[in-house]
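A.B. asks: okay, here's the prediction I keep looking at, along with the sequence it came from:
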Amino acid sequence: MTSFNKIKSQYNQFIRTLNPDELTPYEIKLINLISDNFVSVASVGTAAGKRALLLNDLINQNRDKLSKSLPKIEDETKASTNDITRINSIEIENFRGFASKELFNLDKPKVLVYGPNGSGKTSFCEALEYSLLGYLSEADAKRIDVKQYITNLHTAKSSQPVLTGANSKGEIVDIKVSPDSYYFCFIEKNRIIDFARYSSKTQGQQENLLATLFGLDEFNSFINGFTENISGKIPVESLKQKELDGKFQELTGQKQNIESSTEKKSEFEGQKKSIAENSKLNKTFDELDLYINGNQDVKGRIELIGDELQKPKGKLFNHTTTSELLESVSKIEKTITLFEENNTKFEQEKDKVSFVEIFKLVQNFEETISDKCPVCETPIEQTKVNPYNNARVKLKELKGIAKIQQDRDNAWSKLVSDVYSFSNDFESRKKSASELQVQVNVEVPEQLKDFQKEKSEQKDYIQDVKRLFANIKSQKDSLLVFDQKTKDSNTNTNKHLENQKVLENEKTALTKLKKEIDGLKSSIKSHQEIINTAKKAVADFDTKNKALIDDIAKEKIILEDNKKFIEAYSTLLQKLNKYKRELPLSLVENLNELTKEFYNFINRGDSKFELIEQIVLPSNAGDRVKVSFQDKPEVELDAMHILSEGHTRCLGLSILLAKVVQDKLPFIIFDDIVNAIDDDHRGRIRELLFDNPVINKRQIIITSHSEEYIKDIENIHFTKKGYKDECKLYTFLKPISKTVRKIETTKKYLNKASEHIEEHSYRDCLMECRRALENLSNDLWRRASKKYVFQISYKVRAPYLPPDLMGIVTSLRKELTALKVSDFEESLNILTWFTGLKTSNNQIWNYLNKGTHEESDRDDFDSLIVEEVLNNLIQLETELHKQK
């Protein structure tokens, strides 16, 4: 998790503004609580009340440990940091892009760092930031732990850079971390860009415009993370007291239960008397209860009745009498006679039966083969007798035999059915007789128990039936005895059933009465239990709730404490918000004139309606940046609405530079600031940084990916003679290994020309000399134009070609001669030396041309002439810089 060092530093600055005498002890406790747990508090915001809940937890954990004195956060390094005049060196290893150790000597007033994107410039600037401020803004903004952020990916290690500086005595000392002292030494392009994007911001964001410019967005977000009201998250009402109040309500309820249940029991006495009287049993309620329900020693009446009802009920015999049995025998005997008669007739006529079947078959064929005889297939018209007509006639004649057959079949079916029913009934009668201990010695043949019998078995079957009937008749006496015993048994059984019905009715009535008794007893018991429970609750209340009552007394102290914390939170938040609103205003206090001066310097050459006559930076929360322009100084306008984005960026940079000057900061560090400024203003900003005496006296460290910007700085603002003492350029090479690679180099033409002449590279020296002459000619022209009405004219060879260098030099010499002024006298003599030689001996100018352009098989350059060209250019540069 990120350490939020930047926000913590700004929070500490807030604490320094507080007067302990104007704070309550609880405000101081809250300040200490937030300070001691800063990372936890800063990590959460207002969403779902997380920060308020966290503060409640922290208060509970640290309530008795919080100091009543403000945190001791005075910067111990303040005295020593104020004595630092410039940065001397930085040693970087295992830091972001730096894997191996790299030492940077930064002991010059101006340090330039050039390199393409991705070469390590930002890592270099972040090493300075971390060493001076103790945190990295980018790491905090991305909420990445700074140790993780600075770790080199290839070595998986991280190290603190070693930063040294020079103090006012010239001693080289270690520079200690001090965000208060060095924060505004860093000018970040992103802050300037965000400041300029005013029109795309919401109203609330626009009001925080200066906070954005001064890098206070994270701190503002931290303060905004405190919800306005935390009373809902920090308890001020006793939950335990509410619990006890609830218990008191329960106790009151218990007392009411005793009263209402006692009343109910009185009502139940009347109900007991009513139940006893309504029972008509001449017993009291308790006697009735014992009579019906019994107890462990005596069975109740309902149970006794139940026992009686469980006894066997006896059996009712439903057999017919012996007389009826013999009558059934007689009927079956008649059926046997009828069958035998029909069977005799059938036997006599049975030969004719086959003819009946034949004629029926013939008759059936009439529907399918009516045109011929079904037997011989003779056509009908050729037969002597029509077979179908003959069949109908013969069937009429044989109708009698068919009836005989049907009567015989019907008699047989009835006989078998009647015998089957009789046999089963007799078997049942015989079983009942045995139960009544009457011996009936008759066995029913098995075939008589068959429901279906074929007529082919008639002889044996009828014989068995007749034999059975004979045996039954022989047992008539036994059967009559069975009749009497059946009658006696049924009489006893019916008497028992009548008695059980009386008992059932009694049981039903008693069961209803039992339900009333049991219900009343249950109600009495229930209310008695309520009374007992309630009486015990009343008796045990004080003892049972002693711990809760003690806790309430302790909790009351904490809740009173919480109220004070809530009050302190509200007033402290007001102070924080006031500080948040006023901090940007305090930072721009008294910066109006410096800001205007720097802004107009950057935009000099613009029309009056673009140059500022007066600027008023906000002095109250919600105020806007007001400007009036030189063409209409009486009209005051909102700067952020009227200025273009490019001009707004210039204004943001001017404010930051004015802050540097006002705070008397010893150095300024720019990380690729050229990216934040449009092409039209880069040159003027360069001149402001290196020519303005108020800013230029500070050490300036600039990183840039623009080769031309670095080249212009070196060639325009430093002389060959003074360069070594005033400036240093580090070039970061395109990475080809797993670490940042740098070389100490120069892009100043005369420096490079001197290096080439020492190496006897006269052609390369002349090439750089020609570039230097072009640069110095333009510089001379620019300086003369600032002081005098100065115009030159020259010829060009074609519309698309630039002017010849010789033409510019000649025109400059001519115009300077015409001015007849002494302040450019030495420069004029040097130009005359260059142009005068051209008329008598063009070797010098040929050298400048030949050194730039490739030419084969030419003579070597004369080293003395080359040195003379270089020395004259060095002298010209020196003279020009005297014009500052």
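C.D. replies: Nice, thanks for sending it over.
A.B. asks: tell me where the stretch 51-200 of the chain has helices.
C.D. replies: Along the stretch 51-200 of the chain, counting by DSSP state H, counting those that start in this stretch, helices occupy 78-81, 121-133, 137-141, 146-150, 179-182, 189-196.
A.B. asks: looking at the ones you listed, which is nearest to residue 550?
C.D. replies: Across the helices of the stretch 51-200 of the chain, residue 550 has its closest neighbour in helix 137-141 (47.9 Å, Cβ to Cβ). C-betas here are computed from N, CA, C, even on glycine.
A.B. asks: now that closest one: mean pLDDT?
C.D. replies: For helix 137-141, mean pLDDT rounds to 82.
A.B. asks: now for the lengthiest strand in the chain, which elements pack on it?
C.D. replies: Counting by DSSP state E, the longest strand found in the chain is strand 84-92. Helices and strands touching strand 84-92, by 3 or more Cβ pairs under 8 Å, 6 or more residues apart in numbering; DSSP states H and E, are strand 102-105, helix 121-133, strand 162-167, strand 699-704.
A.B. asks: against residue 631, how distant is the nearest residue to residue 632 once chain neighbours are set aside?
C.D. replies: Distance criterion Cβ to Cβ, 6 or more residues apart in numbering; nearest residue to residue 632, sequence neighbours excluded, is residue 609 at 7.5 Å. Per Cβ to Cβ, to the nearest Å, residue 609 is found 4 Å from residue 631.
A.B. asks: ok, now residue 165?
C.D. replies: Taking Cβ to Cβ, one finds residue 165 at 46 Å from residue 631.
A.B. asks: please apply the same query to residue 698.
C.D. replies: 34 Å.
A.B. asks: thinking again about what came up before, so can I have CSV of the helices and strands packed on strand 84-92 showing distance to residue 378?
C.D. replies: Conversion of those to CSV gives the following (distance: least, Cβ to Cβ, whole Å):
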stretch, distance to residue 378
strand 102-105, 138
helix 121-133, 130
strand 162-167, 144
strand 699-704, 137
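A.B. asks: ok, residue 698 and residue 631, which is more surrounded?
C.D. replies: Neighbour count, other Cβ atoms under 10 Å: between residue 698 and residue 631, residue 698 has more, with 20 against 12.
A.B. asks: how about the contacts made by that one?
C.D. replies: Residues near residue 698 by Cβ atoms under 8 Å, 6 or more residues apart in numbering: 660, 665, 666, 667, 668.
A.B. asks: beyond the helix or strand harbouring the first one, next helix or strand please.
C.D. replies: For residue 660, the enclosing helix or strand under DSSP states H and E is helix 645-662. Counting by DSSP H and E, the element after helix 645-662 in chain order, helix or strand, is strand 667-671.
A.B. asks: centre of the chain versus that next one, how much separation?
C.D. replies: Distance of strand 667-671 from its chain centroid, counting by Cα atoms, centre = their mean, to the nearest Å, is 41 Å.
A.B. asks: next one: stretch 588-602
C.D. replies: Mean C-alpha position of stretch 588-602 versus that of the full chain (Cα atoms, centre = their mean) differs by 48 Å.
A.B. asks: looking only at pLDDT, what's the mean for that stretch?
C.D. replies: Across stretch 588-602, pLDDT averages out at 89.
A.B. asks: again with stretch 340-353
C.D. replies: Mean per-residue pLDDT for stretch 340-353: 72.
A.B. asks: if we can go back for a sec, what's the closest of the helices and strands packed on strand 84-92 to residue 523?
C.D. replies: Ranking the helices and strands packed on strand 84-92 by their distance to residue 523 (criterion: Cβ to Cβ) puts helix 121-133 first, at 83.6 Å.
A.B. asks: angle of that closest one against strand 699-704?
C.D. replies: 150 degrees (axes from the mean of the first three to the mean of the last three Cα atoms, to 10 degrees).
A.B. asks: packing partners of helix 121-133?
C.D. replies: helix 5-16, strand 84-92, helix 146-150, strand 162-167, helix 179-182, strand 186-188, strand 667-671, strand 699-704.
A.B. asks: distance from the chain centre to that helix, please.
C.D. replies: Relative to its parent chain, helix 121-133 has a centroid offset of 36 Å by Cα atoms, centre = their mean.
A.B. asks: can you redo the helices and strands packed on strand 84-92 as JSON lines with mean pLDDT?
C.D. replies: Below are the helices and strands packed on strand 84-92 laid out as JSON lines (pLDDT from 0 to 100):
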{"stretch": "strand 102-105", "mean pLDDT": "92"}
{"stretch": "helix 121-133", "mean pLDDT": "91"}
{"stretch": "strand 162-167", "mean pLDDT": "94"}
{"stretch": "strand 699-704", "mean pLDDT": "92"}
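A.B. asks: to residue 877, which of those lies closest?
C.D. replies: Closest approach to residue 877 among the helices and strands packed on strand 84-92 (Cβ to Cβ): strand 699-704, 20.5 Å.
A.B. asks: which residues are in contact with the closest one?
C.D. replies: Here strand 699-704 makes contact (Cβ under 8 Å, 6+ apart) with 85-87, 106, 108-115, 121-122, 124-125, 128, 666-674, 689-690, 710, 713.
A.B. asks: partners of that strand in the sheet?
C.D. replies: For strand 699-704, the paired strands and their directions (DSSP bridges) read strand 110-114 (parallel), strand 667-671 (parallel).
A.B. asks: quick one, it and strand 162-167 angle?
C.D. replies: If you take the same axes, to 10 degrees, strand 699-704 sits at 140 degrees to strand 162-167.
A.B. asks: relative orientation of the helix or strand hosting residue 551 and helix 5-16 in degrees?
C.D. replies: Taking DSSP H and E as the criterion, residue 551 maps to helix 546-587. Helix 546-587 and helix 5-16 are oriented at 90 degrees to each other (the same axes, to 10 degrees).
A.B. asks: and the angle from helix 546-587 to helix 645-662?
C.D. replies: Using the same axes, to 10 degrees: helix 546-587 against helix 645-662 is 100 degrees.
A.B. asks: for helix 546-587, packing partners?
C.D. replies: Using 3+ Cβ pairs under 8 Å, 6+ apart, helix 546-587 sits against helix 25-36, helix 50-62, helix 209-213, helix 217-224, helix 239-278.
A.B. asks: could you rerun that using 7 Å?
C.D. replies: helix 25-36, helix 217-224, helix 239-278 (3 or more Cβ pairs under 7 Å, 6 or more residues apart in numbering; DSSP states H and E).
A.B. asks: pick out the shakiest of those, pLDDT-wise.
C.D. replies: Note on the helices and strands packed on helix 546-587: lowest mean pLDDT is at helix 239-278, with a mean of 77.
A.B. asks: just how off-centre is that helix within its chain?
C.D. replies: Between the centre of helix 239-278 and the centre of its chain there are 53 Å (Cα atoms, centre = their mean).
A.B. asks: again, but for stretch 475-486
C.D. replies: Offset of stretch 475-486 from its chain centre (Cα atoms, centre = their mean): 99 Å.
A.B. asks: thanks a lot, catch you later.
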